[in-house]
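Visitor: what's the 3D shape of this:
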Amino acid sequence: MRDTGNNGQGALSGAPFLILVWAGLAGAAGVGLAAAAAHKVDSPALGTAATMLTLHAAAAVGIFAVALRAVWAKIWSAVALLMLFAASLFTGEIAYHTFSNDASFQMLAPIGGTLMIVSWLLVACLAIAEALAKR
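Guide: Predicted structure coming up:
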């Protein structure tokens, strides 16, 4: 995943930077939502969303670590981005609905949840593909 080309953009370019920044922000948001669910808003859904966001942020960092040594590094990175997007979509809709009492975007939570499942299935498929490629 190291950028060996000299494209003038440096360390702040590309998927590695985006994955780690997004994961850090998502993890922090997840902890913040957990605190809100525990102390401010009586909503089991918000607590679940906070857990999902924090868990998937940590998983994305782990997937990025795998990508650093993987045969298909760019695909692993894409899966980490998909996972972060899915968890953000799921959690964002639940948080929005909880805090605003507006269900206008309620279809986004199941879309995000489905994409989280897909991202985990892709992790499993990529792990098998990596094992076969390194034989």
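
Visitor: quick one: residues contacting the residue nearest in space to the middle of the chain.
Guide: Geometric centre of the chain, nearest residue: residue 84, 1.8 Å, by C-alpha atoms, centre = their mean. By C-beta atoms under 8 Å, 6 or more residues apart in numbering, residue 84 lies in contact with 19, 22, 23, 26, 56, 57, 60. Where you see a C-beta, it was placed from the backbone N, CA and C, and this is true even at glycine.

Visitor: you'd agree the first one is up against residue 77?
Guide: Spelled out, it's residue 19. Yes - at 6.3 Å, residue 19 counts as touching residue 77 under the criterion of C-beta atoms under 8 Å.

Visitor: can you pull the residues that touch both of the two?
Guide: Jointly contacting residue 19 and residue 77 under the rule C-beta under 8 Å, 6+ apart are residue 64.

Visitor: and the longest helix along the chain, what's buried?
Guide: Using DSSP state H to define each element, the chain has its longest helix at helix 73-100. Burial within helix 73-100, assessed by neighbour count using 16 or more other C-beta atoms under 10 Å, is assigned to 73, 75-98.

Visitor: list the contacts for residue 29?
Guide: 53, 91.

Visitor: quick one: which helix or strand includes it?
Guide: Using DSSP states H and E, residue 29 sits within helix 14-39.

Visitor: quick one: that helix to helix 73-100, angle?
Guide: 30 degrees (axes from the mean of the first three to the mean of the last three C-alpha atoms, to 10 degrees).

Visitor: let me know the average pLDDT across helix 14-39.
Guide: Averaging pLDDT along helix 14-39 yields 93.

Visitor: next SSE downstream of that helix?
Guide: Heading C-terminal from helix 14-39 (DSSP H and E), you reach helix 44-67.

Visitor: ok, and what's touching that next one?
Guide: 1, 16, 19-20, 22-24, 26-27, 29-34, 36-38, 73-74, 76-77, 79-81, 83-84, 86-88, 90-91, 94-95, 97-98, 116, 123.
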